[in-house]
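1. Fold the following for me, if possible:
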Amino acid sequence: MKSNILVVDDEPVARQSLSEILRLEGYAVNSVPNGQAAVEYVRTHPVDLMVVDLRMPGMDGLEVIQVVNQVSPETEIILLTAFGTTESAIQALRLRVHDYLLKPAAPSQVVNSVKKGLARRGARLKARSGGANADVEDTPLEFSLKDGTSIDLSRRLIRKKDQLIHLTPAEGRLLRVLIENPGRVYTHRELVLLVQGYDTSQREAPEILRPLVSRLRHKLESFPALSKSIMSVRGTGYLYEAEK
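-> Below is the predicted model of the structure:
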């Protein structure tokens, strides 16, 4: 069965473009031009995932998300915006938004985010129906590497034998974004938004991010398997390369 996706954007070109990209991937896609129409649609139709613009006249994206979380809590949400701010980024995270993408987002980036959102939804539904003992979001964020390194993202702890380090909240957010999305290249600007909570220019972002990455790498010197997995992409940003 095709997954049902709703695109919410007041810009006709953006709305049509996103819809076509997702239809080509085989999804059942509907679109609406404003927040009020989105809420009315979700009240009367099943929606597995919604891509919603942040800044729209009338009911904005965050207001839509608040209502949808009440009306259809199983719907995954991707917030898409050209206007990233500290307040909107933090509020989006509080509202259980699956992803927060900056316009213009590449088609591959949108498709990957949608696939992960739908996979997350499927895993959560399976857990709630008895396929697992706990909700996916309540599962400890723990990872183990082949060399024995243990990573606990929820407590921001990294351990290997008798070695133990604590990460700061910003360091923990940076590592979490990268490690939960192996192979995805994040631009400096995207990472500043997701980790620090505010938007900046592509020129300024590397200068803001570089000290944080440097401090994280310094802490990880005792954990080479993990440290080497955080890779710089020259002129672009960073990625986490998972063990093979």
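
2. which is the next helix or strand following the helix or strand bottoming out on mean pLDDT in the chain?
-> Of all helical and strand segments in the chain, the minimum by mean pLDDT, DSSP states H and E falls on helix 86-94, at a mean of 60. Downstream of helix 86-94, the first helix or strand assigned by DSSP states H and E is strand 99-102.

3. and stretch 161-180, C-alpha only, in PDB?
-> Provided in PDB are the C-alpha atoms of stretch 161-180 (Å, rounded to 0.1, in the frame of the first residue of the first chain):
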ATOM      1  CA  LYS A 161      36.900  -0.200  29.200                       C
ATOM      2  CA  ASP A 162      38.200   2.200  31.900                       C
ATOM      3  CA  GLN A 163      37.900   5.300  29.700                       C
ATOM      4  CA  LEU A 164      34.900   7.500  30.100                       C
ATOM      5  CA  ILE A 165      34.100  11.000  28.700                       C
ATOM      6  CA  HIS A 166      31.000  13.300  29.000                       C
ATOM      7  CA  LEU A 167      29.900  15.500  26.100                       C
ATOM      8  CA  THR A 168      28.400  18.900  26.500                       C
ATOM      9  CA  PRO A 169      24.800  19.300  25.200                       C
ATOM     10  CA  ALA A 170      26.100  20.900  22.000                       C
ATOM     11  CA  GLU A 171      28.700  18.200  21.400                       C
ATOM     12  CA  GLY A 172      26.000  15.600  22.100                       C
ATOM     13  CA  ARG A 173      23.600  17.100  19.700                       C
ATOM     14  CA  LEU A 174      26.300  17.300  17.000                       C
ATOM     15  CA  LEU A 175      27.300  13.700  17.400                       C
ATOM     16  CA  ARG A 176      23.600  12.600  17.600                       C
ATOM     17  CA  VAL A 177      22.700  14.300  14.300                       C
ATOM     18  CA  LEU A 178      25.700  12.700  12.500                       C
ATOM     19  CA  ILE A 179      25.500   9.200  14.000                       C
ATOM     20  CA  GLU A 180      21.700   8.800  13.500                       C
END
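
4. buried set for it?
-> 167, 171-179 (16 or more other C-beta atoms under 10 Å). No exception for glycine: its C-beta is placed from N, CA and C like everyone else's.

5. S31: which of those is nearest?
-> Nearest to S31 out of the buried residues of stretch 161-180 is V177 (C-beta to C-beta; 28.6 Å).

6. so that closest one, which of the three states?
-> Assigned with DSSP: H, G, I helix; E, B strand; the rest coil, V177 falls in the helix class.

7. Now do the helix or strand encompassing L174, average pLDDT.
-> Following DSSP H and E, one finds L174 within helix 169-179. The average pLDDT within helix 169-179 is 87.

8. quick revisit: name the nearest of the buried residues of stretch 161-180 relative to S19.
-> For these, the nearest to S19 is V177 (27.5 Å; C-beta to C-beta).

9. ok, for that closest one, nearest residue in space, not its chain neighbours?
-> L194 (5.2 Å; C-beta to C-beta, 6 or more residues apart in numbering).

10. Pretty sure D10 sits against P57.
-> Yes: between D10 and P57 there is a contact at 6.3 Å, judged by C-beta atoms under 8 Å.

11. more neighbours, those two?
-> More crowded of D10 and P57, by other C-beta atoms under 10 Å: D10, with 17 against 9.
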